[in-house]
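[1] A structural model of the following input is requested.
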Amino acid sequence: MSHLWISYLFVMKKLNITLFLLLLLSGCFGQRKVVDKVIATVGGELVLLSEVEEQVSLMEARNGVLPEGARCAIMDQLLANKLLVNQAKLDSIEVTDEEIEVQLNARIDRILEFMNGDLNQFEDYYGQSVTDVKDQFREDLKNQLLSERMRNQIMTNITVTPSEVKAFFAQIPQDSLPYFSSEVEIGEIVFKPQVSKEAKQRAIDTLESVRQRIMDGTATFEDMAFEYSEDGSRRTGGDLGWAKRGKYVQEFEAAAYKLDKEEISPVVETEFGFHLIKMQERRGNSIRVSHILIRPETTEADYEKAVHFLDSIRNMVLVDSLSFSRAVKIFSDENQQSYNNDGRMVNPVTGNTFFEIGDLEPDVYFAIDTMEIGSISDPFEFQGADGDTYYRIVQLQSRSEPHRANLALDYSKIQKATIEAKRNEYISDWISDKVAATYIDVDKLFRSCPILQKWVDKKDIRP
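    Prediction:
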């Protein structure tokens, strides 16, 4: 295992965030502009020249210049992905149409977020409608999901023992050990402001009025969804597409499955707000429904109550009448990732609970900057992943000094690096085994690449 894996692990985590956005805006939904040709065959899968050129464009956008051998490395990765897809199909691994549709919708929605929901801008940029783009890349996305599922299945049970972690660390030369900056661990208690009864009643009254207009025939459900609904489905007249049991929150699902075709529910309350639901179609255990969502407005008075509530919890913890851990379980928002982690925040860059200063949200950094370990901040506002306003108090739970990597302070990081190295070694061995038993043909354009010799230097074997 290479001693560069510890540094690699953390560098790649940061690069992957940037790469995700580039793939989102260019790679996954980009337009192939090269004259296409098949440049490799892996079992029943084909590699196109356009696939290489798309990845080249992404790398140029990210780095400015191409590293030496970039096209060969990209081709190597594409061949590996095609091998995974080919084996997934042989093993009858499934990806459902519903899964693909959910993923496509999520990616389209994310792109539209960058365009402020402007469909005209989307169509001008891609030269196609949303439907056309989804149709064009449905098969690509299916293969991507098959590749990921096959890879996960291969590496499902890979773990490392403490002795393997120590052995991995011991082989790293001292002068190659990464230098870690000061890091902190932070606990949080999160509270979402509660909407007043008056605001809830206004939302209910609006939806009941809308429902009456639809029932009277003076308006259509689709028109009312476009006018009133406060989520992304308003663009499609409230249509949520096909779904099986378990996709929707309990209250929504219970109301939806009671409806007959074309029937409209009474007002339904969920954690997202208030809904009207219309049954479009039903196929066995799958349903296709539309909805109109209204979120009650939160007022300044509601926000002030949230601040006072968290401040009272802070005081209880500080005077030792309640532990921070216990306060998390009693009062913190159960939908937050930290809730099931004893309140500890998880660093999205590394996946563990340690934060370098640069990884912290600015508000969190300023809250803990001058705090002593064990201290708790005053309540402050932040925006959740759902776009709603929340409040939190944070506790500084640990702070390390800058240091060279060592097992005492950095065991979890070294363990992850060890697992990552073992997984790469395992998948490399798996690829070598499958290459020997799979028909593979690589175009002469790439046969001189040193990195591709494992794909080229073999007799073509047709299964």
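[2] would you mind listing the buried residues in whatever helix or strand residue 99 lives in?
    According to DSSP states H and E, residue 99 maps onto helix 97-114. The neighbour-count check on helix 97-114 (16 or more other C-beta atoms under 10 Å) flags 100, 101, 103, 104, 105, 107, 108, 111, 112 as buried. All C-beta spots, glycine's among them, are computed from the backbone N, C-alpha and C.
[3] could I get those as TSV with distance to residue 349?
    Converted to TSV, the buried residues of helix 97-114 look like this (distance: C-beta to C-beta, whole Å):
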residue	distance to residue 349
100	29
101	30
103	23
104	27
105	27
107	22
108	26
111	23
112	26
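[4] where exactly do the strands run in the chain?
    Using DSSP state E, the strands assigned to the chain run over residues 38-42, 45-48, 179-180, 183-191, 239-244, 268-270, 273-283, 286-294, 355-356, 380-383, 389-399, 403-404, 440-442.
[5] would you list those in JSON lines and tack on mean neighbour count, mean pLDDT and distance to residue 77?
    Formatted as JSON lines, those follow (neighbours: other C-beta atoms under 10 Å; pLDDT from 0 to 100; distance: least, C-beta to C-beta, whole Å):
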{"stretch": "strand 38-42", "mean neighbour count": "20", "mean pLDDT": "95", "distance to residue 77": "12"}
{"stretch": "strand 45-48", "mean neighbour count": "18", "mean pLDDT": "94", "distance to residue 77": "10"}
{"stretch": "strand 179-180", "mean neighbour count": "14", "mean pLDDT": "88", "distance to residue 77": "29"}
{"stretch": "strand 183-191", "mean neighbour count": "24", "mean pLDDT": "96", "distance to residue 77": "32"}
{"stretch": "strand 239-244", "mean neighbour count": "18", "mean pLDDT": "88", "distance to residue 77": "32"}
{"stretch": "strand 268-270", "mean neighbour count": "16", "mean pLDDT": "95", "distance to residue 77": "42"}
{"stretch": "strand 273-283", "mean neighbour count": "20", "mean pLDDT": "94", "distance to residue 77": "38"}
{"stretch": "strand 286-294", "mean neighbour count": "22", "mean pLDDT": "94", "distance to residue 77": "36"}
{"stretch": "strand 355-356", "mean neighbour count": "20", "mean pLDDT": "92", "distance to residue 77": "29"}
{"stretch": "strand 380-383", "mean neighbour count": "13", "mean pLDDT": "94", "distance to residue 77": "36"}
{"stretch": "strand 389-399", "mean neighbour count": "20", "mean pLDDT": "95", "distance to residue 77": "38"}
{"stretch": "strand 403-404", "mean neighbour count": "14", "mean pLDDT": "91", "distance to residue 77": "32"}
{"stretch": "strand 440-442", "mean neighbour count": "18", "mean pLDDT": "95", "distance to residue 77": "14"}
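[6] and these as CSV, adding distance to residue 215?
    Listed next are these as CSV, based on distance: least, C-beta to C-beta, whole Å:
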stretch, distance to residue 215
strand 38-42, 57
strand 45-48, 53
strand 179-180, 64
strand 183-191, 39
strand 239-244, 20
strand 268-270, 16
strand 273-283, 11
strand 286-294, 13
strand 355-356, 53
strand 380-383, 37
strand 389-399, 35
strand 403-404, 69
strand 440-442, 63
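[7] quick one, what contacts residue 271?
    249, 335 (C-beta atoms under 8 Å, 6 or more residues apart in numbering).
[8] the longest helix belonging to the chain: which residues count as buried?
    Ordering each helix of the chain by length in residues (DSSP state H) puts helix 407-435 first. Using 16+ other C-beta under 10 Å as the test for burial, helix 407-435 gives 409-410, 413-422, 427, 430-431, 434-435.
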